[in-house]
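Undergrad: model this:
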Amino acid sequence: MLDNHINQRIKNILFVDIKTVSQSDNYQNLPPDLQKFWDKKFSYQRDESLSIEDHYMQQASLQAEFGKVITIGVGYFYLDEFQKTALRVKAITGPDEKDILLSFKSLVDTKFNNVVLCAHNGKEFDYPYLCRRMVIHGIELPLTLNLLYKKPWEVPHLDTLEMWKFGDRKHKTSLSLLATLLNIPYAGERLEGHEVNRIYHEEQDLERIVQGCVRDIEILAKLFLQLNQIPINLDDHIYRVD
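TA: All right, here's what the predicted structure looks like:
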């Protein structure tokens, strides 16, 4: 029984979701040396209805060169006090991005043995974004993110979007859509990327973003179980920690 011991397929998985925002609260406050690079990006955009200011606020958070990490949600399976497979979830957050990244590095370097990361669209977004921001801050990459000299089959990264693609490289499906299709309950609001930027810079409501990030980790873990046909019901065995 899976509940009698943590299955080898899931015991070392760390589920990850990052929330990112633009480095500046508006285009005008972007340092001049970065403005010229954003101007070049803007000149290539296809949507002529957007001003350069709107384009920055909608897109900068998605690019590690112009954005920053404000929250990293993490979760992992373990046996709870009832010897049931449970999910422990927490958010790493705070006012300083470097501290957030260092805390994440410490977690994966010290708490987990041979950790495997799992994220939705992680291979195209979460993992490279974390690496780029760490390099910018002069942080040595944790072993699980350092892919130098690794062969493809040695990379400890899982991606639920890749699982859902079933080999179709062009296909894109959001986490919230998959949750709806697979009847995974989603309690609370689903925050899209540009909404996170607005909530952070205009409403200054980091806690709302943190709660959304934690909920996404819960959905991600349930989605992983369904895609891998692992019959574990987590509904009464999800624990949030500070």
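Undergrad: where does pLDDT dip in the protein?
TA: By pLDDT under 70, the weakly predicted segments of the chain are 1-8, 46-47.
Undergrad: for it, which segments are assigned as helices?
TA: For the chain, the helices defined by DSSP state H cover 32-43, 52-59, 97-106, 126-136, 160-165, 175-181, 193-198, 206-227.
Undergrad: which strands or helices does the third one pack on?
TA: Think helix 97-106. strand 67-79, strand 85-93, helix 126-136 (3 or more C-beta pairs under 8 Å, 6 or more residues apart in numbering; DSSP states H and E). No exception for glycine: its C-beta is placed from N, CA and C like everyone else's.
Undergrad: before we move on, what about the second one?
TA: Taking 3+ C-beta pairs under 8 Å, 6+ apart as the contact definition, the neighbouring helices and strands of helix 52-59 are helix 32-43, helix 193-198.
Undergrad: what's the most buried one of the ones you listed?
TA: helix 193-198 (a mean of 18; mean count of other C-beta atoms under 10 Å).
Undergrad: so how far is that one off the chain centroid?
TA: In terms of C-alpha atoms, centre = their mean, to the nearest Å, the centre of helix 193-198 is found 14 Å from the chain centre.
Undergrad: TSV for the helices and strands packed on helix 97-106, including mean neighbour count and distance to residue 51?
TA: Supplementary listing: those in TSV, determined by neighbours: other C-beta atoms under 10 Å; distance: least, C-beta to C-beta, whole Å:
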stretch	mean neighbour count	distance to residue 51
strand 67-79	22	19
strand 85-93	21	31
helix 126-136	19	25
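Undergrad: Throw the ones you listed into CSV and include distance to residue 192, thanks.
TA: What follows is the helices and strands packed on helix 97-106, written out as CSV (distance: least, C-beta to C-beta, whole Å):
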stretch, distance to residue 192
strand 67-79, 15
strand 85-93, 18
helix 126-136, 15
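Undergrad: wait, which of the ones you listed is closest to residue 142?
TA: Shortest distance between residue 142 and these, using C-beta to C-beta, is found for helix 126-136: 8.3 Å.
Undergrad: other SSEs contacting the closest one?
TA: strand 13-22, strand 67-79, helix 97-106, strand 116-119.
Undergrad: chain center to it, what's the gap?
TA: On C-alpha atoms, centre = their mean, the centre of helix 126-136 falls 12 Å from that of its chain.
Undergrad: so what touches it?
TA: 16-18, 20, 64-65, 67-69, 72, 97, 101, 104-105, 117, 119, 140-141, 145, 157 (C-beta atoms under 8 Å, 6 or more residues apart in numbering).
Undergrad: go on, stretch 233-242?
TA: 80, 84-90, 185, 214, 218, 221-222, 225.
Undergrad: nearest to residue 173 among these?
TA: residue 222 (15.5 Å).
Undergrad: would you mind measuring from the closest one to residue 136?
TA: 33 Å (C-beta to C-beta, to the nearest Å).
Undergrad: before we move on, what about residue 104?
TA: 15 Å.
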